[in-house]
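[1] Dropping a prediction and its sequence here:
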Amino acid sequence: MKHATYYDEKKRLFKTDKYQQIQNMIQNIFLANHKIYGYRHIHRQLLNQGVKISANTGIKLMHILGIKKAV
């Protein structure tokens, strides 16, 4: 294993997820609203709560969590 690869992997092991708290908030908003909120409503709710993220970041986090709007 190359030195750069070793130290890069070592650094990643101790790196925390900077969106963990926001992911919990997204999941709580989604479940509190009967699984019908899409990314636009969730993004608006986060902005109302003082969390400033882009809509695309919200979409990415919802995809990671496996959240999809119930039609």
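    Yep, that arrived. Numbers count the residues shown, from 1 in each chain.
[2] Quick one: residues in contact with the helix or strand containing Met25.
    Met25 is part of helix 20-32 when elements are defined by DSSP states H and E. Identification of contacts with helix 20-32 by CB atoms under 8 Å, 6 or more residues apart in numbering yields 17, 37, 42, 45-46, 49, 51, 53, 58, 61-62, 64-65, 67. (Each C-beta comes from the backbone N, C-alpha and C, glycine too.)
[3] Give the buried residues for it.
    Applying a neighbour-count criterion of 16 or more other CB atoms under 10 Å, one finds Ile22, Met25, Ile26, Gln27, Ile29, Phe30 buried in helix 20-32.
[4] can you give me phi and psi for the residue sitting nearest the centre point of the chain?
    Among the residues of the chain, the one closest to the centroid is Leu61, at 3.0 Å (CA atoms, centre = their mean). The phi/psi pair for Leu61 (degrees, to the nearest 10) reads phi -70, psi -40.
[5] That one contacts Tyr39, doesn't it?
    No: with contacts counted by CB atoms under 8 Å, Leu61 stays clear of Tyr39, the gap being 9.3 Å.
[6] Tell me who's in contact with the residue nearest to the centre of the chain.
    Per CB under 8 Å, 6+ apart, neighbours of Leu61: Tyr19, Ile22, Gln23, Ile26.
[7] distance of the last one from Arg12?
    Note on Ile26: its distance to Arg12, by CB to CB, to the nearest Å, is 24 Å.
[8] Same check on the first one?
    In this view, Tyr19 and Arg12 are 15 Å apart by CB to CB.
[9] Those two: which is more packed in?
    Legend: neighbour count by other CB atoms under 10 Å for Tyr19 and Arg12, higher for Tyr19 (16 against 8).
[10] Could you pull out the buried residues of stretch 33-52?
    For stretch 33-52, by 16+ other CB under 10 Å, it's Tyr37, Gly38, Tyr39, Ile42, His43, Gln45, Leu46.
[11] I appreciate the help and will end here.
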